[in-house]
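Visitor: Fold the following, please.
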Amino acid sequence: MSAAYTESDQFRGARIHLCDLAGLEIRDCDVSGLKIVDCYGGEVYVGGGFERVVVNDVDVTAYVEAELDRRHPTRVLAREAASCSDYRAAWDAVEAQWAATLERARLLPEAALHERVDGEWSFVETQRHLLMAADAWLGNAVLEEEAPFHPLGLPHGGMPADATAKLGLTVDATPTLDEVLAPRHARMATMRRVVDGLTDAELDRVCGRKPADPYPDREYVVRRCLTVVLKEEAEHHRYAVRDLAVLEAGARTG
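Guide: Numbers count the residues shown, from 1 in each chain. This next block holds a predicted model:
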């Protein structure tokens, strides 16, 4: 069985030389300043949020971002939303793309929607995470609801177990797609009501709470919280359709 290292700093500043790293997976890590030099391999995949990426002395950052924006235009709407009408337009796009993608997903067997592709979240887990994200950034921070967190919400991988327990999340639950979509659609409807009623004053209001206890103590403004929800929706939709394509291909050849 391959070794696993979690929440460790033993590799900070390390130099790995003349080693066999075939199949190495680095997930949810800070890789600032990472250098891979004079290495070789048949296939290399890099995914994440990077300020600058240079491949063989060519800065590919702008190209990658532009290509992602071309393929997934909702990313642009989410990232650049500034006015009330911008937020409404971005949420219109989010609702439309998920409606179409859910129709597509329902053509697959339920079991396939619980299948992880290359270790990423399953389609159902993605819906659970988006539920959690909106519960935190909208229900808790913006609306200050009494009980904002639904137990089926799934936090990001780095959230400590004791923090998820305090939020009442049942991380190990195995709900069906429909069981997740009930609270997920309810939360999406809340977002619709919020963006439809947005005013300039509301956008610039400082929230009375942070998204959740594990988040830093700082000032959270409504526009930032709504932008996070939009970006989460846009990026995880990108991941979901990427993995749906793999599941669909397997269904056709299976």
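Visitor: Give me the buried stretch members for the helix ranked longest in the chain, please.
Guide: Using DSSP state H, we find that the single longest helix of the chain is helix 222-253. Neighbour counts over helix 222-253 (16 or more other C-beta atoms under 10 Å) mark 222-223, 225-241, 243-244, 247 as buried. In this view, the C-beta of every residue, glycine as well, is placed from N, C-alpha and C.
Visitor: go on, stretch 75-91?
Guide: Arg75, Val76, Leu77, Ala78, Ala81, Cys84, Asp86, Tyr87, Arg88, Ala90, Trp91.
Visitor: Look at that stretch and report the distance between its end residues.
Guide: 11 Å (C-alpha to C-alpha, to the nearest Å).
Visitor: One more: stretch 107-123?
Guide: Stretch 107-123 has its terminal residues 13 Å apart, counting by C-alpha to C-alpha.
Visitor: mean confidence for that stretch?
Guide: Per-residue pLDDT over stretch 107-123 has a mean of 96.
Visitor: and what of stretch 133-140?
Guide: Mean pLDDT, stretch 133-140: 98.
Visitor: just the CA coordinates of it, formatted as PDB?
Guide: Taking C-alpha atoms only, stretch 133-140 is exported to PDB below (Å, rounded to 0.1, in the frame of the first residue of the first chain):
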ATOM      1  CA  ALA A 133     -20.400  26.200   0.700                       C
ATOM      2  CA  ALA A 134     -23.700  28.000   0.300                       C
ATOM      3  CA  ASP A 135     -24.700  27.200   3.900                       C
ATOM      4  CA  ALA A 136     -21.500  28.800   5.100                       C
ATOM      5  CA  TRP A 137     -21.100  31.800   2.900                       C
ATOM      6  CA  LEU A 138     -24.800  32.600   2.400                       C
ATOM      7  CA  GLY A 139     -26.800  31.000   5.200                       C
ATOM      8  CA  ASN A 140     -24.400  31.700   8.000                       C
END
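Visitor: oh, and call the first residue 44 from now on, that's how I've got it
Guide: With 44 as the first residue, the last one maps to stretch 176-183.
Visitor: Which residues outside it are in contact with it?
Guide: By C-beta atoms under 8 Å, 6 or more residues apart in numbering, the list of residues contacting stretch 176-183 from outside reads 188, 191-193, 196, 230-231, 233-234, 237, 252-255, 258, 268-269, 271-272, 275.
Visitor: mind checking how far Glu146 is from Thr213?
Guide: Distance of Glu146 to Thr213, computed by C-beta to C-beta, to the nearest Å: 28 Å.
Visitor: And those two? Which one has more around it.
Guide: Comparing Glu146 with Thr213 by other C-beta atoms under 10 Å, the one with more neighbours is Thr213, at 15 against 9.
Visitor: Ignoring the adjacent residues along the chain, who's closest to the more buried one?
Guide: Of all residues not flanking Thr213 in the chain, Pro194 sits nearest, at 4.6 Å (C-beta to C-beta, 6 or more residues apart in numbering).
Visitor: Could you report the neighbour count for that neighbour?
Guide: The number of residues packed near Pro194 is 12, by other C-beta under 10 Å.
Visitor: all helices for this protein, in order.
Guide: 104-114, 117-123, 127-148, 166-177, 204-209, 220-239, 243-246, 265-296.
Visitor: Could you list every helix and strand in contact with the last one?
Guide: Other helices and strands packing on helix 265-296, by 3 or more C-beta pairs under 8 Å, 6 or more residues apart in numbering; DSSP states H and E, are helix 117-123, helix 127-148, helix 166-177, helix 220-239, helix 243-246.
Visitor: Single out the most deeply packed of those.
Guide: A comparison of those by mean neighbour count, using mean count of other C-beta atoms under 10 Å, puts helix 166-177 on top with a mean of 24.
Visitor: and the angle for that helix with helix 127-148?
Guide: Angle of helix 166-177 versus helix 127-148, following axes from the mean of the first three to the mean of the last three C-alpha atoms, to 10 degrees, is 160 degrees.
Visitor: Pull the distance from helix 166-177 to the chain's centre.
Guide: Helix 166-177 sits 8 Å away from the centroid of its parent chain (C-alpha atoms, centre = their mean, to the nearest Å).
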